[in-house]
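J.: With the sequence up front, the predicted model follows.
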Number of protein chains: 4
Amino acid sequence: MIRAGVVGATGYTGFELICLLARHPEAELAFATARSDAGKRLSALYPTPLDITLQRLEEVDLGSVDVLFLALPHAAAAEVAVQALAAGTRVVDLSADFRLRDADVYSAWYNHRHPAPELLGEAVYGLTEWSREDVRGARLVANPGCYPTSILLATAPLLQAGLLEGATIIADSKSGVSGAGRAAKIGSLFAEVSENLKPYSIGHSHRHVAEIEQEMAALASKAPRGLLFSPHLLPVTRGILSTIYVPLPGGWGAKQLHALYRETYAAEPFIWLLPEGETATLAHTVNTNRCAISLHPVPERDQLILVSTIDNLVKGAAGQAVQNMNVMFGMDERAGLL
Amino acid sequence: MIRAGVVGATGYTGFELICLLARHPEAELAFATARSDAGKRLSALYPTPLDITLQRLEEVDLGSVDVLFLALPHAAAAEVAVQALAAGTRVVDLSADFRLRDADVYSAWYNHRHPAPELLGEAVYGLTEWSREDVRGARLVANPGCYPTSILLATAPLLQAGLLEGATIIADSKSGVSGAGRAAKIGSLFAEVSENLKPYSIGHSHRHVAEIEQEMAALASKAPRGLLFSPHLLPVTRGILSTIYVPLPGGWGAKQLHALYRETYAAEPFIWLLPEGETATLAHTVNTNRCAISLHPVPERDQLILVSTIDNLVKGAAGQAVQNMNVMFGMDERAGLL
Amino acid sequence: MIRAGVVGATGYTGFELICLLARHPEAELAFATARSDAGKRLSALYPTPLDITLQRLEEVDLGSVDVLFLALPHAAAAEVAVQALAAGTRVVDLSADFRLRDADVYSAWYNHRHPAPELLGEAVYGLTEWSREDVRGARLVANPGCYPTSILLATAPLLQAGLLEGATIIADSKSGVSGAGRAAKIGSLFAEVSENLKPYSIGHSHRHVAEIEQEMAALASKAPRGLLFSPHLLPVTRGILSTIYVPLPGGWGAKQLHALYRETYAAEPFIWLLPEGETATLAHTVNTNRCAISLHPVPERDQLILVSTIDNLVKGAAGQAVQNMNVMFGMDERAGLL
Amino acid sequence: MIRAGVVGATGYTGFELICLLARHPEAELAFATARSDAGKRLSALYPTPLDITLQRLEEVDLGSVDVLFLALPHAAAAEVAVQALAAGTRVVDLSADFRLRDADVYSAWYNHRHPAPELLGEAVYGLTEWSREDVRGARLVANPGCYPTSILLATAPLLQAGLLEGATIIADSKSGVSGAGRAAKIGSLFAEVSENLKPYSIGHSHRHVAEIEQEMAALASKAPRGLLFSPHLLPVTRGILSTIYVPLPGGWGAKQLHALYRETYAAEPFIWLLPEGETATLAHTVNTNRCAISLHPVPERDQLILVSTIDNLVKGAAGQAVQNMNVMFGMDERAGLL
């Protein structure tokens, strides 16, 4: 039985992690920490029958668990990661702290110095389907962002095949509100979000741009030019749908494209490639660890549209974190996720 | 042209007031104040084309307007009311400060001393349909709460006719989230409210119980025993629906009941009595100043069910406030509200 | 491995049954039938990765399975039940056909003769917590309605203890739209339901009244007078919340009431009695087979409010059907439901 | 007082027209027709206090009104238009029947012969801001589609200035469910739409593609290559938001772009150009006849993002129809629309 700790258990991602661990057949929750809510029972915060009391970070022994999940804001996460690694505990960090490989890029996008630049070389970007081998041996896994997961899984087969050379990739993404976290913000109130749709940070300014462009470059056999990224806040709780526009590879039709994706993802338990003629929707993946992908070539305009959906709290956060844990400890990658 | 000021313009009620005043043919907004947002344009807070800059309360002249609307939290409202009245300005207070006639009852329910008990005798409870004559001459109108408006308008004809003597009136009310104000609270987040329904303060503990029981006693020709009140938080932005259970007056049938209500409310522009066989829904009144009422006698169980709906921000707050202003200044009661 | 068939697989309840069976450790789906959609893959109707092709009822062998679930409209269900029982297959009927024990009562509420009155004596009303022994040996289980499940589980301890003698029980219930089925009706359209709340069939006219009053009488050691029932259509997909008003048993306080419920439901895996001071919400039970119950005595008014929530598609339909199957075949009652 | 008739009054667009006409100061409703609901009061279909009885088309005198609004499905609309014009009545057709100028293009996209090709030359495409002069004298106005309105108003200034020569314009559009009409379809049910997002007819296959490309060609001083169009079904009732991607005109910055739009739309009462740094959302325009536009140049990628929102039932249908009527009859263009 793998023993796991969750640091930052009161946000939506932390709570999702706890729920996933509670039904994991080979892992168990050793402790869950919180800051202002330490000392409370989890059921005081969420309508859950789980009987868990939140602890302060200071009172738990980071070395007493096999793996530590960090569901903290950036900067705060890195500091705890350092302590945990020093105590010999492997870490899956769900913040952005170890996703960017270059400390200068990090500080340009996050507006502060990186708290532990010495770990950047070692951290493994945990997009499981594309980094399984590295995750297996990793001490420190940087769990990908939600938008990056949805966009990278959809474009990776094309990038790897060198089919997006020089291309500007346009990702028009729509996300549920839980992606903004369980913070009391006016912009996340029901009365602001319901019956509304709100684009934000569109163009080239959202922090996930740096992460996505870095990983696209890493995945591509021939480099694309870069990303145009437009996130929108949807009136739903969970889920991300990305509608992605790329140049249609010359001479490629629907059959060939499907063959490429089918082959690439043949053995993947969590990639759901839809058949020709079907379109991915949020409902395909909400409450699952799957990523649904559909392919829509538009020869009239020499363009290819990719639609990709995930549950932002599962495959886009806690689910992928558990998937990474499963790989790190040699368990069935699907354990606790079906 | 009546000149109006709005104090506390950034909440949902304050903004609704501003929108109503903007299209009022005989009133105009002289100023709108805010605390932390003073100095900002209103369009920085709401997606509105109105060109209004929020001012600090300290920089406006309370005596320069004909009427002042107070959309402040309780306690804070009373203090501004005192100043405005001293400056010769009539006041419509949308807080709870002047709704209860007894300062001791107030302090028992609101947990602090009343800031201006000397004004309690003068304040008029502005349930317009039932206090029109008093509102006309009032210097200080206590605008009713949203739940009380929906429950009192539905039960008043029975109370006045002495048909609920000794009865326990059960009001099962359901309210949209805007009733909780535009405050950044976890409980009002989209991800908490959507796909949920949450009873709160049920039984005899919500602050509106005191207000409703006081006014029921005042309206009744023969006193009821009292109220049982269960508010529920609905996943909608606007609207209150109250399902109200009272004993069926002996020998009364649907026709008689409809006749009583029709007669009582014959001349009322904002009371919408539905015909037999129809049932009031939120959609009947959202975005209007109307109160829709339907009557459902259940002779098999000697009970009568009343259904009543309003828009909590309009008839339950800003709309009724404007209706009261219209009465106070001798304008057409419907001005700006159709 | 128990082999199960689902007749009427394309509605929300039928699909929920299929999903529950797909993850049941000791049961498997042998066939799923549909009428107009026979021949289609299930994934053409729902965004599901399950690889199931719908069959016509005429082409499946009802005798080839251990248990048959009927998710059909009333009348249609009874006819298939007759055939299945004749073929030696045990039946869990999710329609209303075998819930009422008296064929005359049935025809009065459902407006047609009962298709198989000879089976009424044998059918077991499957409110599992209260009929476990009878379900165990039953050939034919009448799975309770969604509203009845939520109301009966909440009131049964009081009824059994004889504490509601002569009482009129008021159930103000609110249901998600999936309760209306997957039928293309104007009233279930998003644009009609969203931002709305709609009471319907209130008083003593909804068909579930007959079922609830019958079972209340059966559960009660001292008979109540009867039910007043007000269903409301909520803008949510899943879940029922019932706010129930009964006379407070003389001299009973919160502690005693909690003790009664705790004792009554001590061994029940799916009854979640909330501690004093907490209130049940839809979020407590959505997507689970649980029923959450909270108790709110109001001594000021000699009343007791009970709040009860379930997921109408799970504990209110497919989940309870699986729970009944588990009991019928001697499996762990929780199998496939946690 | 202009007398108006509405044919097809029971859909969302027809009802919206009736509501707009009811508060129009210079127009009045003479009749409203329906097919299967003829003879019913409007309040039997919608929660409205308007006292209107629906008539059969056969029983009204099309020549008795000044203007006839057709809110019918395509094909059906053209037939009534022919009759009305013959009776000397001017027509605003909200269907697609007279939007395409070429009968062959029409039959290719709508799969049937055009019922009145002889009128195609005369019909005026009523995107009011861009065809005001022609609308003024028109006998027959083809009211634009909802998606086309949102996309054309946002791109027209660039097209007219010749800045999109040869460009592929990508419009990623998101629409509320009311756009699908008040038809009882599974895909429009609350339980299917809520908590979901569904792309449909993406690429180059939605019927509005033909309309948009035709009008883009007409507006452009230098022709673009064409359109890539991805509609998505949003879990909201009203509103369309289009996120539009075009090449950034060489050397153009935010200031220049804003100047171009400001100048182009300076006198337009219903175009709301947002200031630099703000982004259009659905909430900017729901329940209004406005189109909100925001401009987002992305020099890093040589792209320009336009965001455009309208209320699909108002500016995207009934509101623009009334705006066209106002122009046709020489009234204030804003009458009844503020």
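T.: Nice, I can see it.

J.: So for the helix or strand where residue A:31 lies, what gets flagged as buried?
T.: Assigned by DSSP states H and E, residue A:31 belongs to strand A:27-33. Neighbour-count burial for strand A:27-33, counted by 16 or more other Cβ atoms under 10 Å in any protein chain shown, picks out A:27, A:29-33. C-betas here are computed from N, CA, C, even on glycine.

J.: model confidence over it, on average?
T.: For strand A:27-33, the mean pLDDT works out to 98.

J.: Stretch A:272-286 now?
T.: On average, stretch A:272-286 scores 98.

J.: what's the answer for stretch A:217-231, then?
T.: pLDDT averaged over stretch A:217-231 gives 98.

J.: from the chain's centre, how far out does it sit?
T.: 17 Å (Cα atoms, centre = their mean, to the nearest Å).

J.: Can you give me the end-to-end span of it?
T.: In stretch A:217-231, first residue to last residue: 21 Å (Cα to Cα, to the nearest Å).

J.: ranges for the helices of the stretch 1-150 of chain A?
T.: Using DSSP state H, counting those that start in this stretch, the helices of the stretch 1-150 of chain A run over residues A:12-22, A:76-86, A:103-110, A:128-137, A:146-160.

J.: Need the winner for burial among these.
T.: helix A:146-160 (a mean of 26; mean count of other Cβ atoms under 10 Å in any protein chain shown).

J.: Just list what that helix packs against, helices and strands only.
T.: For helix A:146-160, the packing partners by 3 or more Cβ pairs under 8 Å, 6 or more residues apart in numbering or on different chains; DSSP states H and E come out as helix A:128-137, strand A:168-175, helix A:208-219, strand A:226-233, strand A:240-247, helix A:254-264, strand A:291-298, strand A:303-310.

J.: and it, how far out from the chain's middle?
T.: Taking Cα atoms, centre = their mean, one finds helix A:146-160 lying 11 Å from the centre of the chain it belongs to.

J.: Rounded mean pLDDT for that helix, please.
T.: 98.

J.: Just want the angle from that helix to strand A:291-298.
T.: On the basis of axes from the mean of the first three to the mean of the last three Cα atoms, to 10 degrees, helix A:146-160 is oriented at 50 degrees to strand A:291-298.

J.: Would you mind writing the CA trace of helix A:146-160 as CSV?
T.: Output in CSV follows, covering the C-alpha atoms of helix A:146-160 (Å, rounded to 0.1, in the frame of the first residue of the first chain):
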residue,chain,number,x,y,z
CYS,A,146,-5.2,21.9,-17.4
TYR,A,147,-5.2,23.8,-20.7
PRO,A,148,-1.8,22.5,-21.7
THR,A,149,-3.0,18.9,-21.1
SER,A,150,-6.0,19.4,-23.4
ILE,A,151,-4.0,21.2,-26.2
LEU,A,152,-0.8,19.1,-26.1
LEU,A,153,-2.6,15.7,-26.2
ALA,A,154,-4.6,16.8,-29.2
THR,A,155,-1.6,18.2,-31.2
ALA,A,156,1.2,15.9,-30.1
PRO,A,157,0.8,13.3,-32.9
LEU,A,158,1.0,16.0,-35.6
LEU,A,159,3.9,17.7,-33.9
GLN,A,160,5.8,14.5,-33.5
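
J.: rewinding a little: tabulate the helices and strands packed on helix A:146-160 in JSON lines, adding columns for distance to residue D:256.
T.: Conversion of these to JSON lines gives the following (distance: least, Cβ to Cβ, whole Å):
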{"stretch": "helix A:128-137", "distance to residue D:256": "42"}
{"stretch": "strand A:168-175", "distance to residue D:256": "22"}
{"stretch": "helix A:208-219", "distance to residue D:256": "25"}
{"stretch": "strand A:226-233", "distance to residue D:256": "20"}
{"stretch": "strand A:240-247", "distance to residue D:256": "26"}
{"stretch": "helix A:254-264", "distance to residue D:256": "39"}
{"stretch": "strand A:291-298", "distance to residue D:256": "31"}
{"stretch": "strand A:303-310", "distance to residue D:256": "28"}
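
J.: So which of the ones you listed is nearest chain B?
T.: Across the helices and strands packed on helix A:146-160, chain B has its closest neighbour in strand A:226-233 (9.3 Å, Cβ to the nearest Cβ).

J.: Which strands and helices lie in contact with the closest one?
T.: Short answer (3+ Cβ pairs under 8 Å, 6+ apart): strand A:226-233 packs on helix A:146-160, strand A:168-175, strand A:198-199, helix A:208-219, strand D:240-247, strand D:303-310.
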